[in-house]
Each structure stands twice: as C-alpha cells, then as structure tokens.
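*Asks:* Below are the sequence and a predicted model for it; my questions follow.
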Amino acid sequence: MVPRFRLLGGLLVVATMGRPLYAQRPIVVDAGVSAAHFADDDATAVGPSLRLSIAGARGHAFGNAEGGALGTFGAASGYASLAGGMRTSNAPGWASELAGELAAVGGSNAAGGAGTGLIGARGIWTADAVGSWFRSAGHASRRTHGTLTGGGLDAGIWWSGPRTRLTATVLQEWTRAELFTGRFRTGYAGTTAVRYAEGAVSLHAEGDYAALDLSASTRRDTDARRLFEQGASVEAAYWPRSTVAFVLSATHQLPDFVRGLDGVDAVSVGVRFGQAAPVIARTSRMVPVVRVLESNGASVLRIHAAGARTVEVMGDFTEWDPRTLTPSGGAFEGAMLLSSGTHRMLVRIDGGPWRPAANTPAVDDDLGGRVGLLVVP
C-alpha cells in the first residue's frame, strides 16, 4: 500500500472521528465487505469496507463529517469530507444557506489523490410536505499535476409523506479533469474541460424496522465517449435491534469530476451501527401531550400525538402493565382509575421506546430510568 494512502487514512480518521461543534447525533458506522469494479482501470477489488459519518445542527449552524475506505491485497481507495454552514429564515417558508465542504480522495493507482474545497449559496422554499431549492457553487481541487477550478448550478424539489420521500434534481456543471493514458493511468496527458448536465430522482421508503432507498440519474456530456450515461443505486436496510441494521447495497456510480471520485460498479453487504430504526426516529419527533378528563364520574386519560397510529400508557395506576388507548377524535383515550395526587407514567407511540409525555415533568425512577409525573386534581 503506497504512502499516499496512509496519509489519506490519517485524514479520514481525523475528519470522521472528531466530533463537530454542533453535532447532536451519534456516530454511524458501516462495516462490511464490498466488491468494486473500476471501469477506467479495468480493475476489480474485493475486500473489507468501512464508512463513518456524523451530522448535527444547533441554531442556524449545521455540519457533518464522513469518510470511508475499501481495502484489498496490494491496493486501496478511500475518501473523507467535512462540511458545514449557516442557514437563516428570511420570510415565512423561505430560507437562505451558505455552506462549504472540504473533501479528499485517494488510492493506490498512479493518478494519485485529490483535495477539493467547495463553497455555495442556496435558496430554500418549504410548505407543509413539499419544498424546493436553487444553489450556485464554486470549487477548487488540488490534483497530482496542478489545481483545477469550476462551478455549477443545481435545483431540486422534494415531497415528503409519513413514510416516503421523493426528490428530483437537475444539475449543470463546469469544471476540468486530468487525462491519463495506460491501464492504472500511468501516463499524464494534460487536462480537458468537462461540461455536463444531469438529472436525478430518488425515493426513500420505510417501515418500522426496514428502509429502502432507490436512485437513478442520467448525465448528458457532449465530450464523453457516450452522449448519455446512466447511474443508479439501491440500498436496503433491516433493523433487528433498535440501533443495529443489516445493510445490502448496489450502485453504478458515474465519475464525480468535482471531487475526483472514479466511476464504479459496486455491491456491499454489512452491518450499520448507531442509526436508529425508522420507528424510533419517527416517534421521537412526535410530541405526546396528556390530559385527564372526567366522564360520568370516571377519569379518562386523553393523549394527543399527531401522526401516531397506536398509543400505549403504563404507570403506577396500571401496576406498570401496558394499556393500549383507543383512537378518538384525533387523539387516544382510555378510562383509568386515577386518584387525586401525583402519579408516575410513561407513553409509547407506534411500538417505539417508552418515554414521559411532553407536558409531564420527568424525574428519575428507582431503576435508573426516567418517568413523567402526572398531577391529578
């Protein structure tokens, strides 16, 4: 393995393991086995693969870091990126964003690695379950034989449902690329202008413990060997545990001339650690609010949780046995034996984790967990 990749490996560890200032989510780790065919080198690599990512936001700031590597006997390739920016609201439904990215890729072929800096401004519009954006960006990339610059424009629109998200994008890119001759690109032949337009569509669909991601793209490049080229990817994930998933993916990736990533056909199977199952991620965004009503002399527990399919409660008034509430008028209700005073209780939405209701003070219980305090007059 060449020294250049050792240097990239150090950068990968620094970029992906350092916790960003505004990070609020745990590190997600993908570990598995991948097979990749690099058409430009007519080479195939099979070996262990690793990917690490972390992302988060606080206030107007957001950031993420990501890196990955594929190794095999006598060869390796990898990448790392660190991105962040600021987003502000300008008017109801409108926001603006300024963001930057530092990226590095490398491998054991003679073409060497690439280090790229990007900066862009984006305008965003959102309304209920739909949104769109327009972005302008510029970049400079340090390659083996000099610096390449360029810029691009892209726009997109998305629609989001309770369990699906559909996104469509269009892109126009202007940049330059290095030319090499021979297998494994051993001979340098200068640079050339690269201009292409690309359209893509992607779909994310999820169940409680499974998710599917599909994407397809078409690129039009008048200077390429073929006027039109297609890319596609599919990823399926299943969570046997709350934060552990089995992942299977396949991709036909077009070259990324901006960041210096080769075109590749790859399949991968592995395990993902740190990403919550869809049901946990979805229910954690819901805000359950509990009220106690009187009906014919009996106490009725009423819980509002927008978007929920099922709501369960348990507490000292149920002897900590779960009770399923009945849907009623946009909320969930159940008759309970509630005496005046303070009661301890927990709520569960759609089979997710047990937690206190949003409007009940949370206190420690005797087992090291947290429960909510419900006050009954």
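*Replies:* Done, it's in. This is a predicted model, so every value here is computed, not measured.

*Asks:* any idea where the helices of the stretch 1-150 of the chain begin and end?
*Replies:* 3-17 (DSSP state H, counting those that start in this stretch).

*Asks:* count of neighbours near the closest residue to residue 288 other than its chain neighbours?
*Replies:* Leaving out its chain neighbours, the residue that sits closest to residue 288 by C-beta to C-beta, 6 or more residues apart in numbering is residue 305, at 4.3 Å. The way it works is simple: take the backbone N, C-alpha and C, and place the C-beta from them, glycine included. For residue 305, the neighbour count with other C-beta atoms under 10 Å is 23.

*Asks:* okay but residue 305 is in contact with residue 327, surely?
*Replies:* No - using C-beta atoms under 8 Å, residue 305 makes no contact with residue 327, being 10.6 Å away.

*Asks:* Number of residues surrounding residue 340?
*Replies:* Here the count is done by other C-beta under 10 Å, and residue 340 has 9 residues near it.

*Asks:* How about it: what's its closest non-neighbour residue?
*Replies:* Excluding the flanking residues, the one nearest residue 340 by C-beta to C-beta, 6+ apart is residue 376, at 5.4 Å.

*Asks:* ok, now how distant is that neighbour from residue 77?
*Replies:* Separation of residue 376 from residue 77 (C-beta to C-beta, to the nearest Å) stands at 63 Å.

*Asks:* Which one of the two is surrounded by more residues?
*Replies:* residue 77 (24 against 14).

*Asks:* what's across from that one in the sheet?
*Replies:* Under DSSP bridges, the beta-bridge partners of residue 77 are residue 70, residue 107.

*Asks:* hang on, isn't it packed against residue 50?
*Replies:* No - between residue 77 and residue 50 there is no contact under C-beta under 8 Å: 12.0 Å.

*Asks:* Touching both of the two, which residues are there?
*Replies:* Common neighbours of residue 77 and residue 50 (criterion: C-beta atoms under 8 Å, 6 or more residues apart in numbering): residue 69.

*Asks:* I'd assumed residue 338 was in contact with the residue nearest to residue 340.
*Replies:* Yes - the criterion here is C-beta under 8 Å, and residue 376 meets it with residue 338 at 4.9 Å.

*Asks:* Please parse the protein into its domains.
*Replies:* Following the assignment in automatic domain parsing, the chain carries domains at 3-279, 286-376.

*Asks:* just to revisit the earlier point, can you check which residues contact both of residue 376 and residue 338?
*Replies:* By C-beta under 8 Å, 6+ apart, the residues touching both residue 376 and residue 338 are 292, 299.

*Asks:* Now the residue sitting nearest the centre point of the chain. Nearest residue, chain neighbours left out?
*Replies:* With distances taken as C-alpha atoms, centre = their mean, the residue of the chain nearest its centroid is residue 55 (8.1 Å). Setting aside the residues directly before and after it, residue 55 is nearest to residue 64 in space (C-beta to C-beta, 6+ apart), at 3.7 Å.

*Asks:* longest strand of the protein?
*Replies:* When the chain is parsed with DSSP state E, its longest strand is strand 187-206.

*Asks:* Would you mind listing the buried residues in it?
*Replies:* 194, 196, 198, 200, 202, 204, 206 (16 or more other C-beta atoms under 10 Å).

*Asks:* Just give me how far it sits from the chain centre.
*Replies:* 21 Å (C-alpha atoms, centre = their mean, to the nearest Å).

*Asks:* ok, now stretch 146-156?
*Replies:* The chain centroid and the centroid of stretch 146-156 are separated by 23 Å under C-alpha atoms, centre = their mean.

*Asks:* can you check stretch 169-187 too?
*Replies:* So, by C-alpha atoms, centre = their mean, the centroid of stretch 169-187 is 27 Å from its chain's centroid.

*Asks:* Kindly export that stretch (C-alpha atoms) in PDB.
*Replies:* Presented in PDB, the C-alpha positions along stretch 169-187 are these (Å, rounded to 0.1, in the frame of the first residue of the first chain):
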ATOM      1  CA  THR A 169     -32.800  17.300  -9.000                       C
ATOM      2  CA  VAL A 170     -31.200  18.900 -12.100                       C
ATOM      3  CA  LEU A 171     -27.500  20.000 -12.300                       C
ATOM      4  CA  GLN A 172     -25.300  21.900 -14.700                       C
ATOM      5  CA  GLU A 173     -21.500  21.500 -14.000                       C
ATOM      6  CA  TRP A 174     -18.500  23.300 -15.500                       C
ATOM      7  CA  THR A 175     -15.000  22.000 -14.400                       C
ATOM      8  CA  ARG A 176     -11.800  20.500 -15.700                       C
ATOM      9  CA  ALA A 177     -10.400  17.000 -15.400                       C
ATOM     10  CA  GLU A 178      -6.900  15.400 -15.700                       C
ATOM     11  CA  LEU A 179      -6.200  13.000 -18.600                       C
ATOM     12  CA  PHE A 180      -4.100   9.800 -18.200                       C
ATOM     13  CA  THR A 181      -3.000   7.000 -20.500                       C
ATOM     14  CA  GLY A 182      -2.500   3.300 -19.900                       C
ATOM     15  CA  ARG A 183      -4.100   0.900 -17.500                       C
ATOM     16  CA  PHE A 184      -3.900   2.300 -14.000                       C
ATOM     17  CA  ARG A 185      -3.300   5.700 -15.600                       C
ATOM     18  CA  THR A 186       0.500   5.700 -15.600                       C
ATOM     19  CA  GLY A 187       0.900   8.400 -18.200                       C
END
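
*Asks:* How about residues contacting that stretch?
*Replies:* Contacts with stretch 169-187, where a contact means C-beta under 8 Å, 6+ apart, come from 40-43, 109-111, 139, 141, 143-145, 148-156, 188-201, 257-258.
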